[in-house]
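Peer 1: Provided below for reference: sequence and predicted model.
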Amino acid sequence: MNAGTAQRVTLSVLSTLVMILLGRVFDGLMVEMKAVNKKLAVRSALILVRLIGCTEEAARDALAKAQGNIKIALLLLHGCRVTEAQALLARAGGRLRPALESLGASTPSARDEGWSSDLEAPSIVDDTSAAKEPLQSDARRSK
């Protein structure tokens, strides 16, 4: 592994851990983001669909009531009012899991549901196809 690659991987792991510790990640999904364009608005709704199992329409309605805040929208889908959801999050220090636990609500793990969408990481290339074609760097070394 090159030094640049190692540095990039290290910084990626560090930033991921920081986001988790700050409570911006829930069940492996970024739940604290600003939907500043249509793509991110759609992604916000899909995150709610994935976490709650609701319809996209219900997710969009909750996001509209929550002014785009995924955490508040998730609490709304669990039956809270906006002010109640804001108070729960404030008491939980902005962390979604403790807010849900104080509600007595549970959410299924997205990974346990076997749900598949464009939010998931792309699958790894089959090793058998890679073995058939040598990498360019391998071809250069053999010359």
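Peer 2: Cool, the structure landed.

Peer 1: centroid residue for the chain?
Peer 2: L29 (1.5 Å; Cα atoms, centre = their mean).

Peer 1: who does that one bridge with?
Peer 2: The residues listed as beta-bridge partners of L29 by DSSP bridges are F26.

Peer 1: how near is it to R81?
Peer 2: Computed as Cβ to Cβ, to the nearest Å, the L29 to R81 distance reads 24 Å. Yep, even glycine has a C-beta here, placed from its N, CA and C like the rest.

Peer 1: can you list the buried residues in stretch 54-68?
Peer 2: Neighbour counts using 16 or more other Cβ atoms under 10 Å place 54, 58-63, 65-66, 68 of stretch 54-68 among the buried residues.

Peer 1: how about those residues in CSV, adding secondary structure, pLDDT and distance to Q7?
Peer 2: Conversion of the buried residues of stretch 54-68 to CSV gives the following (DSSP: H, G, I helix; E, B strand; the rest coil; pLDDT from 0 to 100; distance: Cβ to Cβ, whole Å):
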residue, secondary structure, pLDDT, distance to Q7
C54, coil, 93, 41
A58, helix, 95, 43
A59, helix, 96, 38
R60, helix, 95, 40
D61, helix, 96, 44
A62, helix, 96, 40
L63, helix, 95, 37
K65, helix, 96, 43
A66, coil, 95, 38
G68, coil, 94, 34
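
Peer 1: and these, which is closest to A45?
Peer 2: The closest of those to A45 turns out to be A59 (Cβ to Cβ; 4.1 Å).

Peer 1: wait, doesn't the residue nearest to the centre of the chain sit right on R50?
Peer 2: Yes: contact between L29 and R50 holds when scored by Cβ atoms under 8 Å: they sit 6.8 Å apart.
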